[in-house]
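The following comprises the amino acid sequence and a computationally predicted model.
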Amino acid sequence: MTLTIADTRGLRADDGVVSSSDGPRADQPRRRAFTVEYKLRMVAAYDRATAPGERGALLRREGLYHSHIIEWRKARDAGTLVVRPAAEPPAPAGDGGAPVSPPRRRRGRASAEQAELERLRRQNEKLAKDLARTQAALEIMGKAHALLELLSESVEPKREPGSSR
């Protein structure tokens with residue numbers, strides 16, 4: 001007899017509590033989620049490790065892969081892996097003589113806008129290249145057509161209407 005996961009679901013005690021963990025995929029492992037602080041701490045610890053085998057020991061102890069460190073380091077260097085301060089107190093309204101800057105937007109929105117702007121720039125550059133290529137092709141086709149007309153006029157003598165040849 002083969003016992004499957006579906007067969008074992010009925011064996012659990014019913015405690016009467018309805019939870020979201022009893023869904024159809026409740027028995028499957030969940031993907032780990034790492035906090036920004038943890039990522040920065042692990043990258044720093046990995047970079048500090050200098051003794052032979054120390055980096056591998058860190059990765060094994062934490063259950064990480066080298067690719068995690070590589071991706072987190074790239075994100076840190078790009079500025080997207082930053083610890084956000086909890087709540088910044090409001091700045092004084094120009095009392096100290098320092099210029100008052102406008103309120104800053106959230107980084108997520110700004111980065112999304114920057115990503116959209118970069119995508120539109122790339123699309124614009126591609127369309128400009130396509131337009132230039134199409135215009136060059138049309139210019140070449142026009143010159144080829146004019147050349148073929150000149151060649152056809154010079155090869156064939158003009159016939160008069162009513163002549164046999």
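Nice, I can see it. Owing to the predicted nature of the structure, the values given are computational and were not obtained by experimental measurement.

for the protein, which spans come out with low pLDDT?
1-22, 86-109, 157-165 (pLDDT under 70).

In it, what residue spans correspond to strands?
With DSSP state E applied, the chain shows no strands anywhere along its length.

need the longest helix for it.
Ranked by number of residues, the top helix in the chain under DSSP state H is helix 107-155.

Show me what that helix packs onto, helices and strands only.
Contacts defined by 3 or more C-beta pairs under 8 Å, 6 or more residues apart in numbering; DSSP states H and E place helix 107-155 against no helix or strand at all. Using the backbone N, CA and C atoms, a C-beta is placed for each residue, glycine as well.

Let me see the domain layout of the protein.
For the chain, automatic domain parsing gives the domain ranges 32-83, 108-156.

highest average neighbour count across those?
domain 32-83 (a mean of 13; mean count of other C-beta atoms under 10 Å).

measure that domain end to end?
Chord length of domain 32-83, first to last residue, is 19 Å (C-alpha to C-alpha, to the nearest Å).

ditto for stretch 57-68
15 Å.

who's in contact with that stretch?
Applying C-beta atoms under 8 Å, 6 or more residues apart in numbering, the external contacts of stretch 57-68 come out as 34, 42, 45-46, 49, 69.

And the closest residue to Ala49 other than its chain neighbours, how far from Arg48?
Distance criterion C-beta to C-beta, 6 or more residues apart in numbering; nearest residue to Ala49, sequence neighbours excluded, is Arg55 at 4.5 Å. From Arg55 across to Arg48, the span is 10 Å (C-beta to C-beta, to the nearest Å).

now Lys39
15 Å.

now do His68
For His68, the distance to Arg48 - C-beta to C-beta - is 16 Å.

ok, now Thr80?
Distance from Thr80 to Arg48, by C-beta to C-beta: 22 Å.

next one: Ala132
Distance from Ala132 to Arg48, by C-beta to C-beta: 52 Å.

got it, and Leu64?
Using C-beta to C-beta, we find Leu64 at a distance of 15 Å from Arg48.

What of Asn124?
Distance, Asn124 to Arg48, by C-beta to C-beta: 44 Å.

Just put the domains of the chain in TSV and tack on distance to Arg25.
Below are the domains of the chain laid out as TSV (distance: least, C-beta to C-beta, whole Å):
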stretch	distance to Arg25
domain 32-83	16
domain 108-156	28
